[in-house]
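S.K.: with the input below, show me the fold.
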Amino acid sequence: MTVHALEQLFTELTQGSFDRIGLKDPDLSPYVSALLLEFTTMDRLYRIRDAAGRPVDDVGEMLLEGDLRHRAASFERERIVRKHIGDYTLFFTGMFPEHVTALRTQARLESFVDWIEMGRESYRAVASFDLWPYAEEAPLFNKLAEHFDFLVVGLNLVRDDLARLSNERYETARSLIEQTPGEPEP
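M.R.: Numbering: from 1, shown residues only. Sure, this is the predicted structure:
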């Protein structure tokens, strides 16, 4: 499947899911469908790196990476990390909630973090960067924070739709194989 086809699929599924739950904001679906496309590559999913260059996959550690009092060297770094935390928590709570649940049982800093609240709070932090050059984006991040719970539900529906489509393709292929005449038996 090409990037264009995948982008179209994510756009249609996201818009359809958001429509089903009554989330009609024209800015949210394009953002979330672009996020799904962006996170199809591991380097983008794990783009936050520590000082040694290792990818950070623990939300608690990400918080430290984006905190000026701990590891962030600039407000720009804080914004980048907070945006990523919002995106990362939205993606996982919406598409892979069982992964988030499994992480809670591990000895990780993120075990003490409420992922949904952290995603919402991170988008609020990004929205607080409301001066140039981010002034135009700030309202979008306010909306993402305000509707975070609905976005998670919408992504849960996208996940279900993707599973259904996958099963339909399997069943179609299976029925075609079963209808194909086989070799005559000896």
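S.K.: can you map out the helices along the chain?
M.R.: 3-20, 28-38, 42-45, 59-65, 75-95, 97-103, 115-127, 138-146, 148-179 (DSSP state H).
S.K.: include distance to Gly53 when you put these into TSV, please.
M.R.: For glycine as for every other residue, the C-beta is placed from the backbone atoms N, C-alpha and C. Putting the helices of the chain into TSV (distance: least, Cβ to Cβ, whole Å) gives the following:
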stretch	distance to Gly53
helix 3-20	27
helix 28-38	21
helix 42-45	12
helix 59-65	12
helix 75-95	15
helix 97-103	23
helix 115-127	23
helix 138-146	28
helix 148-179	30
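S.K.: closest to Ala51 out of those?
M.R.: Closest to Ala51 of the helices of the chain, according to Cβ to Cβ: helix 59-65, at 8.9 Å.
S.K.: gap between that closest one and the chain center?
M.R.: On the basis of Cα atoms, centre = their mean, to the nearest Å, helix 59-65 sits 17 Å off its chain's mean C-alpha point.
S.K.: packing partners of that helix?
M.R.: helix 75-95, helix 115-127 (3 or more Cβ pairs under 8 Å, 6 or more residues apart in numbering; DSSP states H and E).
S.K.: which parts of the shortest one are buried?
M.R.: Burial within helix 115-127, assessed by neighbour count using 16 or more other Cβ atoms under 10 Å, is assigned to 115-116, 118-127.
S.K.: what of the first one?
M.R.: When burial is assessed from 16+ other Cβ under 10 Å, helix 75-95 yields the following buried residues: 77-95.
S.K.: can you count the residues close to Val36?
M.R.: Actually, residue 36 is Leu. It isn't Val. Residues contacting Leu36 under the criterion other Cβ atoms under 10 Å number 21.
S.K.: leaving out chain neighbours, which residue sits closest to it?
M.R.: Nearest residue to Leu36 in three dimensions, chain neighbours excluded: Phe10, at 4.4 Å (Cβ to Cβ, 6 or more residues apart in numbering).
S.K.: who's in contact with that neighbour?
M.R.: 33-34, 36-37, 158 (Cβ atoms under 8 Å, 6 or more residues apart in numbering).
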